[in-house]
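**Q** any chance you can model this:
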Amino acid sequence: MPAQYDLELAEAAYKLVHDQLKLKKGESILITTDSASEFRVAEEIAKMAQAVGGKVMVAWHTTPVGYGAMTEPYLPEPLMACADKTDVWVELNNQWLLYSSFWDKAVTNGRTRQVMLGDLDIPQLVRLIGKVDISTQKEFQDMVVEKTRKAKTIRITNPAGTDVTFENDPDRPINSEIEYDTPGAHFLLGQVGWAPKEETINGRISFDGALSGGGEAELGLLNGDVITYVVEKGRIIDFEGGEKAETIRTWFEKIGDPNMYLAAHVCYGFHPTARLDGTTNEDERIWGSTQWGFGHQGSNFTGKEPRKAPGHIDGICLNSTVYLDGVKITSDGVVVDPDLKQLAEKLGR
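**A** As a prediction, this is how the structure comes out:
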């Protein structure tokens, strides 16, 4: 019997496998999904991978707690052992394996193309991949990367209270998430991320969208509340924002690892159809937002060995204004740079 979005899901899965991953005949592909995730997504991606000649394995497993290294006590050993033995790894997990020790190993082995599509359901996969004009989106993101790469000093503000400045390291990569045909870590399209010089990050980072990755302190959508990190030289020195901020402060203290307080990356959200709905992978791509991660830092942001931490926590600043060397490219979440604005309009923004 046909199911909802059968045809559209097939199209989105084909786009992912053929156009983005560029899976070749004879390549191995591992698809991981936990019991909290929508299995039809894994099944359809597996079918498309088989159709283009891939050697397919789907690993369906118990849903762990937390994400990153925190998941490892809950996972079967065969899963952790095989993740770096494949050409392609598509992660669909509700509880992310991203930033675990075996993820680090997979994305630094020079072979595995890992793409993190955690917890996307069928309508999301259709809307966030299947319905996107990939070529125009790539042109837009490429231009964002080049403008950011040339900037020495960046300032980000937002109406919730963000006002943070930092400097770029020209030797660090800027990751544009849209094509997945090279070894290493990749993510859902619509995001551009990098790691600034940590010691230059100073100011206030005020999250008003969502906060995710906190394990038992997982907050998700903030629903009008604001949590602020006060940051000096790349390290959180205080939390502000009432009860929810105290929940996060307590979680950091319980972990007790100083590396958790260090900034790991900053990202732009530029997905033309992303909605704030409590799914982290989509929330972090809200058009005109910025997103900060603290804790474990993957090598994809520095080009060096990962900076270890037992966890990783991400927060979203909505309606961001971004200044590159004093010149705005967005204002309260709206693209104002003339070159970018033309492409944004083609994408319906």
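
**Q** how far away from the center of its chain is the lengthiest helix in the chain?
**A** With residue count as the measure and DSSP state H as the assignment, the chain has helix 134-150 as its longest helix. Per C-alpha atoms, centre = their mean, to the nearest Å, the displacement of helix 134-150 from the mean C-alpha position of its chain is 17 Å.

**Q** and what of stretch 172-180?
**A** Its chain's average C-alpha position is 11 Å from that of stretch 172-180, according to C-alpha atoms, centre = their mean.

**Q** now that stretch: average pLDDT?
**A** This predicted structure assigns stretch 172-180 an average pLDDT of 94.

**Q** any residues touching that stretch, and which ones?
**A** When contacts are taken as C-beta atoms under 8 Å, 6 or more residues apart in numbering, the neighbours of stretch 172-180 outside the stretch itself are 20-22, 88, 113, 115, 134, 137-138, 141-142, 144-145, 148-149, 185-195, 300-303. Backbone N, C-alpha and C define where each C-beta goes, glycine included.

**Q** okay, buried residues for that stretch please.
**A** Going by neighbour count (16 or more other C-beta atoms under 10 Å), the buried part of stretch 172-180 is R172, P173, I174, N175, S176, E177, I178, E179, Y180.

**Q** before we move on, what about stretch 187-202?
**A** For stretch 187-202, by 16+ other C-beta under 10 Å, it's F187, L188, L189, G190, Q191, V192, G193, W194, A195, P196, E198, I201.

**Q** I'd say the third one and I134 touch.
**A** Yes. Counting by C-beta atoms under 8 Å, a contact exists between L189 and I134, whose distance comes to 7.4 Å.

**Q** between the two, which contacts overlap?
**A** Taking C-beta under 8 Å, 6+ apart as the contact rule, L189 and I134 both touch Q20, I178.

**Q** show me where the stretch 101-250 of the chain has strands.
**A** Along the stretch 101-250 of the chain, the segments classed as strands by DSSP state E, counting those that start in this stretch run 113-116, 153-157, 163-167, 174-177, 184-187, 191-194, 202-207, 210-212, 220-221, 227-232, 235-240.

**Q** deepest of those, which one?
**A** With neighbours defined as mean count of other C-beta atoms under 10 Å, the strands of the stretch 101-250 of the chain peak in mean count at strand 210-212, which reaches a mean of 25.

**Q** now it: mean pLDDT?
**A** Taken as a whole, strand 210-212 has an average pLDDT of 91.

**Q** and for it, what are the contacting residues?
**A** 218-222, 227, 244, 248, 276, 278, 280, 283, 313-316.

**Q** out of the residues you listed, the closest to A42 would be?
**A** Distances from A42 to the contacts of strand 210-212, taken as C-beta to C-beta, are shortest for T280 (18.3 Å).

**Q** need the three-state assignment for N259.
**A** Secondary structure, DSSP: H, G, I helix; E, B strand; the rest coil: N259 is helix.

**Q** and it, what is it in contact with?
**A** When contacts are counted by C-beta under 8 Å, 6+ apart, N259 touches G295, H296, R307, K308, A309.

**Q** of these, buried ones?
**A** Of all these considered here, the ones buried according to neighbour count by 16+ other C-beta under 10 Å are G295, H296, R307, A309.

**Q** picking that back up, export the contacts of N259 as JSON lines, with columns for secondary structure and distance to L9.
**A** Formatted as JSON lines, the entries for the contacts of N259 read as follows, by DSSP: H, G, I helix; E, B strand; the rest coil; distance: C-beta to C-beta, whole Å:
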{"residue": "G295", "secondary structure": "strand", "distance to L9": "34"}
{"residue": "H296", "secondary structure": "strand", "distance to L9": "32"}
{"residue": "R307", "secondary structure": "strand", "distance to L9": "37"}
{"residue": "K308", "secondary structure": "strand", "distance to L9": "38"}
{"residue": "A309", "secondary structure": "strand", "distance to L9": "36"}
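
**Q** between the residues you listed, which is nearest A160?
**A** G295 (21.7 Å).

**Q** thought the closest one was touching I313?
**A** Yes. Contact status for G295 versus I313: in contact at 5.8 Å, counting by C-beta under 8 Å.

**Q** what's the overlap in contacts for these two?
**A** Each of G213, M260 lies in contact with both G295 and I313 under the rule C-beta under 8 Å, 6+ apart.

**Q** what about V52, how many residues close to it?
**A** When counting by other C-beta atoms under 10 Å, one arrives at 16 neighbours for V52.

**Q** with M48 instead?
**A** Burial measure for M48: 23 neighbouring residues, criterion other C-beta under 10 Å.

**Q** spit out the contact partners of A59.
**A** The neighbours of A59, taking C-beta under 8 Å, 6+ apart as the test, are L30, I31, T32, T33, L79, C82.

**Q** again, 7 Å this time
**A** With C-beta atoms under 7 Å, 6 or more residues apart in numbering as the criterion, the residues that contact A59 are L30, T32, L79.

**Q** name the strands paired with the host helix or strand of the second one and say parallel or antiparallel.
**A** Element membership of T32 [criterion: DSSP states H and E] is strand 28-34. The sheet places strand 28-34 alongside strand 55-61 (parallel), strand 88-91 (parallel), with pairing taken from DSSP bridges.
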